[in-house]
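Chemist: Okay, sequence plus prediction incoming.
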Amino acid sequence: AVTEGLVLEQSIQTELYRIDRFRRLSPGDVATEPMIDHVPIRAPIGIGVARNIVWGGARALRRDVARSERRQRVPVLMYHSVADDGPAALARFRCTPAAFGSQMAWLRANGFHAIMSEQLEWFIANRRPFAGRPVLITFDDGFQNFADHAWPILRANDLTAEVFLVTDLVGESARWDADSGPPMPLMDARTVRRLAGEGAFFGSHLATHRAIDGLSSSDLAAELLRSRMFIERWTGRPTTAFAAPYSVTDRRIGRLARECGYRIGFGGRHGPADLDCDPIDLPRIEIRGDRSLDDFVAILEAALE
């Protein structure tokens, strides 16, 4: 390129910036093709900076879609584990950090913003259409790899998530998966407290990860109450949401959950949540680790229709 007698001689280009070197053309000089180097950014980027970057450019801006789009439903995404390795039998429930990072970057670039279950309940209770492109990102079980891998990716993309904890086993391991391989470690209370201070949200996955339909009513109520008490102690915030272990519910859960102080529940129904949903029996969309980014995009685009 030639600009006022200058010719581009060399350019170093990254995803965030470029450095150009020009030279002045002398009479009779002929401009040659510049040398262009595309290089990665190797310096660490702090969360405060990263969350203001839309990598690859925005295809839709949050502020624009918030003004122009109203919708009747919202995708509630269900994840479990974010790790590179693990038992083959659990591959369906495990996204690699690279795959999860691509999914969150796609949400950010396409104008999605994260909401929490309490906000979802408010929209349903008030029959108010959702503004923009909301998404509720949930994680079951509370694996340590949420803190190690998923949470930094979420923060870097200016997103948050709601994690459902198995409170009796916090700081231990997912013993319910022992038949599939070595149980993965679960976050401890100190980690939960730290993440809550950084903007993560937490709900109940009951106390022991036993299926609801295998518990007596008194045991179910005890697990609902005990798990709620501990999560509130760790986070310093009210706990109003639960997710059923194994996505198994029965007819008792709505009444018992409300009596135990819950207003929001996620059971076994599949699909996006809408304004006609019962807040104590909300559907979710499982994001499987054995699916591609194209599959993820198709799920989100279908939820927007």
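Modeler: Ah, there it is.

Chemist: Show residues contacting stretch 212-219.
Modeler: L206, L220, E223, A244, P245, V248, T249, D250, R252, I253, L256 (CB atoms under 8 Å, 6 or more residues apart in numbering). For every residue, glycine as well, the C-beta is placed using N, CA and C.

Chemist: can we see that at 6 Å?
Modeler: Residues external to stretch 212-219 that are found in contact with it (CB atoms under 6 Å, 6 or more residues apart in numbering): A244, V248, T249, D250, R252, I253.

Chemist: now do stretch 92-101
Modeler: With CB under 6 Å, 6+ apart, stretch 92-101 has contacts from H80, S81, V82, A83, D84, G86, H149, I153, R288, G289, D290.

Chemist: Just name the closest of these to M104, please.
Modeler: Nearest to M104, judged by CB to CB, of the contacts of stretch 92-101 is I153 at 5.4 Å.

Chemist: Would you enumerate the residues in contact with the closest one?
Modeler: Contacts of I153 (CB under 6 Å, 6+ apart): F100, G101, M104.

Chemist: give me that answer again for 10 Å
Modeler: Neighbouring residues of I153 by CB atoms under 10 Å, 6 or more residues apart in numbering: A50, V82, P97, A98, F100, G101, S102, Q103, M104, A105, L159, A161.

Chemist: quick one: which of those sit in strands?
Modeler: Residues of these located in strands (DSSP state E): V82.

Chemist: Among the contacts of I153, which lie within helices?
Modeler: Here DSSP state H is the test, and these give A50, P97, A98, F100, G101, S102, Q103, M104, A105 as lying in helices.

Chemist: could you measure the closest residue to H80 other than its chain neighbours against G28, distance?
Modeler: Setting aside the residues directly before and after it, H80 is nearest to F93 in space (CB to CB, 6 or more residues apart in numbering), at 4.0 Å. Applying CB to CB, to the nearest Å, the value for F93 to G28 is 68 Å.

Chemist: Compare those two (neighbour count), which wins?
Modeler: Relative neighbour count places F93 above the other of F93 and G28, with 22 against 5, counting by other CB atoms under 10 Å.

Chemist: pLDDT wise, what is the residue nearest to H80 at?
Modeler: If you check F93, the pLDDT there is 97.

Chemist: do A241 as well
Modeler: With respect to pLDDT, A241 scores 99.

Chemist: ok, back up a step: selecting buried members of the contacts of I153 in ChimeraX, what would you type?
Modeler: Entered in ChimeraX, the line below selects the buried ones among those, by 16 or more other CB atoms under 10 Å:
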select :50,82,97,100,101,102,103,104,105,159,161
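
Chemist: Of the contacts of I153, just say which sits nearest to P185.
Modeler: Nearest to P185 among the contacts of I153, with distances taken as CB to CB, is V82, at 13.3 Å.

Chemist: these two touch, right, the closest one and H149?
Modeler: Yes - V82 lies in contact with H149 (CB atoms under 10 Å); the separation is 4.4 Å.
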